[in-house]
Every structure is written in C-alpha cells, then in structure tokens.
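Engineer: Build me a model:
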Amino acid sequence: MKVFSKEAETDYEIHELMRRRWSPRAFAEKDVEPEKLQRIFEAARWAPSSMNEQPWRFILGIKGDETYDKIMQTLVEFNQIWAPTAPVLILSLGHKVFSDSEKINDTYRYDVGQAIAHLSIQAMAEGLYVHQMGGFDPAAAVRIFKINAQYKPLTVTAVGYMGEPEILPERMAEGEYKKRVRRPLSETVFVNGMEETAAIFRK
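Structural biologist: Okay, here's the model as predicted:
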C-alpha cells in the first residue's frame with residue numbers, strides 16, 4: 001500500500017521528523033506493536049516539567065478492549081466518525097497540584113503538552129502518526145473512569161500507522177490533502193513588546 005504523507009514547506013531547515021509530522025485522521029488497519037507503545041510513553045516520561053513534578057498521566061486504550069470503547073464514548077460526534085480508524089486512543093490527564101504540597105501547579109497543562117509533544121516525535125521515529133483531540137467531554141471522562149478531583153482530563157490522542165484518506169467520508173478525505181500552512185515567524189517572534197519583529201525574521 002502506498003503511504004500517504006505530506007511534508008511541511010518550511011522557511012528554515014528543521015529536523016526531518018518535525019517536517020514530516022502532521023495529524024491525519026485516516027489510520028491503517030494495523031496494530032501498534034507493544035514495544036513501540038513502550039517507547040513513545042518512555043519519551044513522554046522524559047519530558048521536562050516544573051519542579052520535575054511530571055503531572056502527566058495517561059489512560060491507554062487498545063482497539064478491541066474496554067478502555068478504548070470508553071474513551072471513544074467521550075469524543076464529540078465529529079471525532080467519533082474518524083477516530084475508530086485508529087488502533088490506539090490515549091486519554092491524557094493533568095495533575096493539578098504539586099504532590100509534595102498540594103499547592104496549585106499553574107504549569108501542569110503546559111507540562112502535559114510537552115509530554116505529548118515528546119510522545120508525538122518519538123511516534124514519528126517509530127513510523128507512527130498522532131492526532132490530538134480537544135473535541136471530547138472531560139466531564140464524561142471523569143465519570144466513566146472515576147477520575148479524582150486532583151486530575152483534569154486534557155486531550156485524547158489517536159496513534160497508529162498511516163492509512164489512505166479514501167477510507168474517510170468525502171469531506172474528511174478532502175481535508176487530508178489540504179496544504180499545511182503556518183503563520184510566518186515575522187508575525188510570531190518579537191522584541192520590545194509585540195509590535196517589533198525580531199531582526200532575524202524581518203524581511
């Protein structure tokens with residue numbers, strides 16, 4: 001089967017894994033090997049975090065098991081259309097307080113995001129792709145998984161091998177072919193406030 005992919009057209013040279021990383025909705029009917037799952041979670045484990053708190057927790061669902069079905073129940077209708085193509089679903093949780101003091105950890109969301117970013121790049125190194133979703137019901141996740149109040153469900157992440165866009169409904173399949181775009185760095189990196197572009201990115 002021909003592997004569908006689309007590389008970013010970057011303005012500056014970046015690592016190949018980051019250039020190839022994108023978020024498909026079409027996944028192949030192929031299981032993810034346990035050792036690859038072990039490695040992507042190991043990458044997440046070694047992400048940086050404030051005070052080394054490591055506020056991330058993950059609930060892992062493998063297609064065919066009860067946990068996968070429960071995570072699927074939390075997704076919004078749009079995501080329930082395509083997500084069943086993914087062999088793996090991961091519910092990400094953030095621990096909202098510091099373990100040693102129970103004081104509010106203002107950076108827990110940021111830190112969980114870093115862990116998922118590490119997971120995503122390791123996934124690319126393994127030949128896997130990742131699609132992160134904010135379109136789910138956190139309250140349903142709390143209820144279904146009996147999550148205690150110190151934890152906040154943050155995202156659901158689909159993981160698997162690349163599939164062909166044609167397995168998706170037509171409107172979604174068309175979206176898989178759209179060119180990837182990003183705001184230019186001249187509108188992103190500033191000095192002296194947010195009105196003056198950093199010199200290295202001025203045209």
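
Engineer: max-length helix in this protein?
Structural biologist: Assignment by DSSP state H gives helix 108-125 as the longest helix of the chain.

Engineer: so how far is residue 117 from the closest residue to residue 88 other than its chain neighbours?
Structural biologist: Nearest residue to residue 88 in three dimensions, chain neighbours excluded: residue 159, at 4.1 Å (Cβ to Cβ, 6 or more residues apart in numbering). Every residue, glycine included, has its C-beta placed from N, CA and C. The gap separating residue 159 from residue 117 is 14 Å, by Cβ to Cβ, to the nearest Å.

Engineer: So those two - more neighbours on which side?
Structural biologist: It is residue 159, of residue 159 and residue 117, that has more neighbours when counted by other Cβ atoms under 10 Å, with 24 against 16.

Engineer: Could you tell me whether the more buried one really is in a strand?
Structural biologist: Yes. The assignment for residue 159 is a strand, going by DSSP: H, G, I helix; E, B strand; the rest coil.

Engineer: OK, contacts around residue 124?
Structural biologist: By Cβ atoms under 8 Å, 6 or more residues apart in numbering, residue 124 lies in contact with 17, 18, 20, 21, 130.

Engineer: Pretty sure the third one sits against residue 7.
Structural biologist: Just to be clear, that refers to residue 20. Yes. Counting by Cβ atoms under 8 Å, residue 20 touches residue 7, with 5.5 Å between them.

Engineer: So residue 25 versus residue 174, what's the distance?
Structural biologist: Going from residue 25 to residue 174 by Cβ to Cβ gives 11 Å.

Engineer: Please say which of the two ends up with more neighbours.
Structural biologist: A side-by-side neighbour count of residue 25 and residue 174, using other Cβ under 10 Å, places residue 25 first with 24 against 11.

Engineer: for that one, what are its contacts?
Structural biologist: Going by Cβ under 8 Å, 6+ apart, residue 25 touches 82, 83, 85, 131, 168, 172, 175, 176.

Engineer: Show the buried residues in these.
Structural biologist: Buried positions within the contacts of residue 25, assessed by neighbour count (16 or more other Cβ atoms under 10 Å), are 82, 83, 85, 131, 168, 176.

Engineer: Look up the closest residue to the last one, ignoring the ones flanking it.
Structural biologist: If you skip the residues right next to it in sequence, residue 176 has residue 165 as its closest partner in space, 3.8 Å away by Cβ to Cβ, 6+ apart.

Engineer: That neighbour: neighbour count?
Structural biologist: Residues contacting residue 165 under the criterion other Cβ under 10 Å number 17.

Engineer: Does it touch residue 178 like I think?
Structural biologist: No. The criterion here is Cβ under 8 Å, and residue 165 misses it with residue 178 at 10.5 Å.

Engineer: Would you mind listing the buried residues in the host helix or strand of residue 61?
Structural biologist: Under the criterion of DSSP states H and E, residue 61 resides in strand 56-62. For strand 56-62, burial by neighbour count (16+ other Cβ under 10 Å) applies to 56, 57, 58, 59, 61.

Engineer: what are the C-alpha coordinates of the helix or strand following it, in PDB please?
Structural biologist: Next helix or strand after strand 56-62 toward the C-terminus (DSSP H and E): helix 66-74. The C-alpha trace of helix 66-74 is given here as PDB (Å, rounded to 0.1, in the frame of the first residue of the first chain):
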ATOM      1  CA  GLU A  66     -13.000  -1.900  27.100                       C
ATOM      2  CA  THR A  67     -10.800   1.100  27.800                       C
ATOM      3  CA  TYR A  68     -10.700   2.000  24.100                       C
ATOM      4  CA  ASP A  69     -14.500   1.900  23.900                       C
ATOM      5  CA  LYS A  70     -14.900   4.000  27.000                       C
ATOM      6  CA  ILE A  71     -12.500   6.700  25.600                       C
ATOM      7  CA  MET A  72     -14.500   6.600  22.300                       C
ATOM      8  CA  GLN A  73     -17.700   7.400  24.300                       C
ATOM      9  CA  THR A  74     -16.100  10.700  25.500                       C
END
